[in-house]
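build me a model:
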Amino acid sequence: METRPKNNFITRRREPKRFMLWLSMGGSVLLFTVLLAIYVIRRAGSDWRDVPIPMVFLASTAVIVSSSLTLHIANGAFRRERFGQYRLYLGTTLFLGILFVVLQVLGWRELVLKGVYLQTNPSSSFLYVLSGLHLLHILFGLLFLGVAFAEALRRLPYIDAFVYSVNPPNRLKIQLITLYWHFVDVLWIFVFLFLLIHHGI
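Model prediction:
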């Protein structure tokens, strides 16, 4: 009698795109962990001068948290075939993501107006690098959100949206976008709290 090998955590087959996304997110976590470790070590230097983080970063944090909530609602609407609601909340998420970028740039402008530049001191360098690196992650997310929103707008009739929604690759695409966006949301909260503790506002 033929016996199948056990489908354990190591040997079971995984969806490749989801697996690659998890690997990418793991790499991002490792990168930020290394940067924050270097930050802690470098902070002991005699040339370190704490630079308060811009007040606008607090607003951008509220915006990114809100965008994660709206995308969660959009994802649920997509599963329940409420396509009008899906388009509304997906578009809102895209708008909030763009607003986050605008607020981050305004935060950098606030620093510049105070005479704080990338090379002013190690503290300002880390502030720019950490927020800028996270912003790069956001831009990638906005690209995929924009594509998903454009596809949703191209399928306004219910039957077109329904056919799109029952296609497994399309369902997977929305799931991966949602997973990634929640990840960059949590990542920013962690970075923001770290900077808030060490810099203040």
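
what are the ranges of the helices in this structure?
16-42, 56-79, 83-113, 122-153, 158-165, 168-199 (DSSP state H).

how close does H134 sit to F78?
The spacing between H134 and F78, counted by C-beta to C-beta, to the nearest Å, is 27 Å. C-betas here are computed from N, CA, C, even on glycine.

rewinding a little: of all the helices of the chain, which one is nearest W48?
Ranking the helices of the chain by their distance to W48 (criterion: C-beta to C-beta) puts helix 122-153 first, at 5.5 Å.

tell me which residues of the closest one come out buried.
122-128, 130-131, 134-135, 137-138, 141-142, 145, 148-149, 152 (16 or more other C-beta atoms under 10 Å).

tell me which strands and helices that helix is in contact with?
helix 16-42, helix 56-79, helix 83-113, helix 168-199 (3 or more C-beta pairs under 8 Å, 6 or more residues apart in numbering; DSSP states H and E).

give the rounded mean pLDDT of it.
Here helix 122-153 scores 95 as its mean pLDDT.

so how far is it off the chain centroid?
7 Å (C-alpha atoms, centre = their mean, to the nearest Å).

counting neighbours, what do you get for the nearest residue to V129 once chain neighbours are set aside?
The spatial neighbour of V129 that comes closest, neighbours along the chain excluded (C-beta to C-beta, 6 or more residues apart in numbering), is L35 at 7.0 Å. The number of residues packed near L35 is 14, by other C-beta atoms under 10 Å.

same question, L156
With other C-beta under 10 Å as criterion, L156 counts 11.

could you check the pLDDT of it?
Model confidence at L156 (pLDDT) stands at 86.

next one: phi and psi at it?
For L156, the backbone dihedrals (degrees, to the nearest 10) come out as phi -70, psi -40.

relative to A161, which of the helices and strands packed on helix 122-153 is closest?
Short answer: helix 83-113, nearest of the helices and strands packed on helix 122-153 by C-beta to C-beta, at 4.0 Å.
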